[in-house]
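Student: Here is my input; please provide its structure:
(one chain, ligands or ions: 1)
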Amino acid sequence: MDVKSYIDSNKELFIKVNDQIWEYAETRFEEYKSAELLEQVLAEHGFTVKKNLAGMETAFVAEYGSGQPVIGILGEYDALSGLSQQGGSIVRQPIVDGAPGHGCGHNTLGAASLAAAMAVKEYIEQSKTAGTIRYYGCPGEEGGSGKAYMAREGLFDDLDAALTWHPGGYNAIMALSSLANFQVYYRFHGRAAHAAGAPHLGRSALDAVELMSVGVNYLREHVIPEARMHYAITNTGGTAPNVVQAEAEVLYLMRAPELSYVQEMYQRINDIARGAALMTGTQVEIIFDKACSNYIPNHTLGKVLLKYLTEVVAENSYTPQEISFADKIGQTFPKSGSALKKFLPLLDEEGQALIREIEKSRLSNKTLPYLKMASPMAGSTDVGDVSWVTPTAQFAAACCALGTPGHSWQFVSQNNTSIAHKGLLIAGKTLALSAIELFENPQILKEAKTELLKQLNGQKYTCPIPKEVNPAVHR
Ligand SMILES: [Zn+2]
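Tutor: All right, here's what the predicted structure looks like:
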């Protein structure tokens, strides 16, 4: 079966799904229409769909085939709040002020994984191959860790491998780890009073939030350099300065390369919060929101992805209009250099020349060589939890101009253009061709499994989210 022509001849459908989910732009655990669209297309194409999984209405698994091996393709479809933006525009131009937008390209992520799952299904059907293909509908990647809840429920346990990808500004295998994280609310309860008339009767919850920030800012000097602590004040206790704030809340996101280190940071930050409560005569409530594990890249699977990614990318081409649009939108953010500079020390002369070649243009039909990075990427992903349970590999495919910042309006602006559509086809074909190779060559799956066991070195996956914590839109 010719996977590439199957995907090309059905591209109108995949592009329609891409653009429709882009328009829906639904955020964490509220991706009702987006999940429904994907479920519907999969069901229409012969997949058995199980919905409403692991406590999330928008999580689903669609399956075709039977028996071993079982290969999973992960799809996402959640948007980011506040990033509403006209498509194909080179200026900041929200469609609806303050509304969400697809600033991480998860619309394309979900649509390309759909294309891949459908192509693999076609292959199983036509070749009468034994085995199962699964599309995992994974909600709430942004700030929700949907996959961690799915992993806690054991939904990935019987997989032989999981493959996924992410839209980006260039084509490369993501052969590097990511940061584990915890997200925790600190809710302070004080006592209201007239700020001038009876300040001695008030106990300020907002003071506690501020003192907690001071404490955490001192902590920054005494953690490992890779550790990150970000916060957002989610309740300032009101807008009246003449009322002592009785309630205030701050949300912390803490990250480090190892889960055990995040656990340690969490305990230290809890101490700071308790200290701030003690100093202000308030009470603190610590509310665990979500967590995810660090990502363990599987290089055996990563090399299979690289073979097909390189092949498929080389067959792609851009029109002069696309190149000119990418150049224009490229002028709205700093020069691209930094996106690829980090790879230079890992490359020989030939590799460095390739980077310089890619950097000449905002759109390129080149793929980076396989790079095993020693340090983790500066972000987190709930693909991490899947990678502890089953051999997992992922790649980035170019869906926007080189250097486009993640989570930006520029990213949203490009995600329903023909540039993203080309990225969708590249990713769909790469995933499908790689998955088929795994069906045909069980030895690779065996090696991938051995590699994972070696990396785990006796450790077993435990979901970092406590048992009593359930997925929630807001807390
Ligand atoms: Zn993302």
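
Student: lowest confidence element among the helices and strands of this structure?
Tutor: Within the chain, no helix or strand scores below helix 337-341, which has a mean of 72 by mean pLDDT, DSSP states H and E.

Student: Flag every buried residue along the following helix or strand past it.
Tutor: For helix 337-341, the following helix or strand on the C-terminal side (DSSP states H and E) is helix 349-359. Residues of helix 349-359 classed as buried: 354-355, 358-359 (neighbour count, 16 or more other Cβ atoms under 10 Å). All C-beta atoms are positioned from the backbone trio N, CA, C, and that covers glycine.

Student: quick one: contacts for E153?
Tutor: E153 is in contact with 53-55, counting by Cβ atoms under 8 Å, 6 or more residues apart in numbering.

Student: Most distant residue from the centre of this protein?
Tutor: G197 (50.1 Å; Cα atoms, centre = their mean).

Student: how much space is there between that residue and A172?
Tutor: 63 Å (Cβ to Cβ, to the nearest Å).

Student: Same check on L425?
Tutor: Distance, L425 to A172, by Cβ to Cβ: 17 Å.

Student: swap in N365?
Tutor: Taken as Cβ to Cβ, the span from N365 to A172 is 13 Å.

Student: Neighbour count: the two, which is higher?
Tutor: A172 (25 against 17; other Cβ atoms under 10 Å).

Student: Residues in contact with the host helix or strand of the more buried one: which ones?
Tutor: Per DSSP H and E: A172 is located in strand 172-173. Contact partners of strand 172-173, identified using Cβ under 8 Å, 6+ apart, comprise 302-303, 305-306, 309, 367-368, 370-371, 393-396.

Student: Type out the ChimeraX command that picks the buried ones from those.
Tutor: Buried members of the contacts of strand 172-173, defined by 16+ other Cβ under 10 Å, are picked up in ChimeraX with:
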select :302,303,305,306,309,367,368,393,394,395,396
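
Student: beta partners for T27?
Tutor: Beta-bridge partners of T27, counted by DSSP bridges, are A79.

Student: Is it in contact with L80, as I believe?
Tutor: Yes. T27 sits in contact with L80 when judged by Cβ atoms under 8 Å, with a separation of 6.9 Å.

Student: Give the residues shared as contacts by these two.
Tutor: In terms of Cβ under 8 Å, 6+ apart, T27 and L80 are both contacted by the residues 100, 142.

Student: SS state for Q183?
Tutor: Assigned with DSSP: H, G, I helix; E, B strand; the rest coil, Q183 falls in the strand class.

Student: nearest residue to it other than its sequence neighbours?
Tutor: D289 (4.3 Å; Cβ to Cβ, 6 or more residues apart in numbering).

Student: neighbours around the one you found, how many?
Tutor: If you count neighbours by other Cβ under 10 Å, D289 ends up with 20.
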